[in-house]
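Participant: Following is a predicted model, sequence given first.
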Amino acid sequence: MSAPLRATTPEQVPSSSSGTDADFPMEDFWYGITAFLGGSANVVMQLSHPPVAYGVLESTVDSGKLTLHPIKRLRTTLTYLAVALLGTEEECDAYRKAVNTSHRTVRSDEHSPVKYNAFDPTLQLWVAACLYFGILDLHERLHGSMDEQTLDALYAYSVKLGTGLQMRPEMWPADRAAFQEYWDRELASKSIDARAKAYFDHMIDLKMMSRPVQIIGARFHRFVTTGLLPARLRDEMGMSWSPIREHTLRLLLLVIGKVMSKMPKPIRLFPMNYYLWDFRRRLRTGKPLV
């Protein structure tokens, strides 16, 4: 189980409620490999909220479905992260408008087991919280703990993970202590039903990929995904874990972090820098962004 986020007092953290972001050197901080290591675990976290899950499971936008178009889905998801955290405000606005076009039809109907709407800012807050949790958790697993000033600056900057959609800046918990309270409360209420679990198992076992990819990568992918999930969600998924597996994952991630820290910045950032470049090319040439 990942360690809880360390709390701080309100006066220690730059405010994120004003709509302005603290400066943060994301290009020096972020390692692109975290998207591959933690992506599926983060999807499980996000979709453990039933309205988010059924917004995906019942979506009629086939072009964006992971099960049908995994490479395109990967591109749109990682492009969103790259633009939100590395792009300009103008670029964030352009991608937000493109995502909005896809989200307009994502809403529940009379047959849906839960009510949902892709434009609901409270759902987007949960998605942004999962993304922030995943980025912080994996960075500390790869490199060890950060100092309080860096943690505060990263937290304030991460409001962009939500405002890149329709989350209002003032909805982002005011400080890391408030975030921890929000995270603990929300996580305790999350659940995974049989339909969502089947979707997750399909994703974790790479069933949407070619058979050779499944043979080579599925077992490792399930191991890493299981280890990066909060214990409550592992239990919801019926996954087993042990101290030996936790120790193995911890050592593996530390080794990966050491190796990646020696690489030049373009390699460390890949594929996020590639997806940002591709987004800018699409924006410049008038091609679809999502």
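Facilitator: Arrived safely, thanks for sending. Numbering: from 1, shown residues only.
Participant: Poorly predicted segments of the stretch 151-290 of the chain, please.
Facilitator: Within the stretch 151-290 of the chain, not a single segment meets pLDDT under 70.
Participant: Where do the strands of it begin and end?
Facilitator: Here the stretch 151-290 of the chain has no strands by DSSP state E, counting those that start in this stretch.
Participant: any idea how far Thr243 is from Gly227?
Facilitator: Let me fix one detail, which is that residue 243 is Pro and not Thr. Distance from Pro243 to Gly227, counting by Cβ to Cβ, to the nearest Å: 12 Å. Heads up, the C-betas are built off the backbone N, CA and C, glycines and all.
Participant: and the two? which has more neighbours close in?
Facilitator: Remark: of Pro243 and Gly227, Gly227 carries more neighbours, 22 against 7, as counted by other Cβ atoms under 10 Å.
Participant: Return the residues in contact with that one.
Facilitator: With contacts defined as Cβ atoms under 8 Å, 6 or more residues apart in numbering, Gly227 is in contact with Trp241, Arg245, Glu246, Leu249.
Participant: Repeat the analysis, applying 6 Å as the threshold.
Facilitator: The neighbours of Gly227, taking Cβ atoms under 6 Å, 6 or more residues apart in numbering as the test, are Leu249.
Participant: same deal with Tyr275?
Facilitator: Applying Cβ under 6 Å, 6+ apart to Tyr275 gives the contacts Leu78, Thr79, Ala82.
Participant: Look at the second one and give its secondary structure.
Facilitator: What that stands for is Thr79. Under DSSP: H, G, I helix; E, B strand; the rest coil, Thr79 falls in the helix class.
Participant: what's the burial count for it?
Facilitator: By other Cβ under 10 Å, neighbour count at Thr79 equals 24.
Participant: ok, the residue nearest to Gly39 when sequence neighbours are not counted to Thr105 distance?
Facilitator: Leaving aside its sequence neighbours, Gly39 sits nearest to Thr77 (Cβ to Cβ, 6 or more residues apart in numbering; 7.5 Å). Applying Cβ to Cβ, the value for Thr77 to Thr105 is 18 Å.
Participant: More neighbours: which of these two?
Facilitator: Using other Cβ under 10 Å as the criterion, Thr77 and Thr105 rank with Thr77 on top: 18 against 10.
Participant: Can you work out which residues contact both of Pro243 and Gly227?
Facilitator: Overlap of the contact sets of Pro243 and Gly227 (by Cβ under 6 Å, 6+ apart) is empty.
Participant: Same list, the contacts of Tyr275, but as TSV with distance to Lys160 and pLDDT please.
Facilitator: Listed next are the contacts of Tyr275 as TSV, based on distance: Cβ to Cβ, whole Å; pLDDT from 0 to 100:
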residue	distance to Lys160	pLDDT
Leu78	15	94
Thr79	14	95
Ala82	12	95
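Participant: who's in contact with Phe200?
Facilitator: Applying Cβ under 6 Å, 6+ apart, the residues near Phe200 are Val44.
Participant: mind checking pLDDT for Asp109?
Facilitator: Listed pLDDT for Asp109 reads 87.
Participant: would you say it is within a helix?
Facilitator: No. Applying three-state DSSP, one finds Asp109 to be coil, outside a helix.
Participant: roughly how far apart are it and Thr77?
Facilitator: On the measure of Cβ to Cβ, Asp109 and Thr77 end up 25 Å apart.
Participant: now swap in Arg245 and tell me
Facilitator: 27 Å.
Participant: what do you get for Ser48?
Facilitator: Distance from Ser48 to Thr77, by Cβ to Cβ: 17 Å.
Participant: Could you do Met263 as well?
Facilitator: Distance from Met263 to Thr77, counting by Cβ to Cβ: 23 Å.
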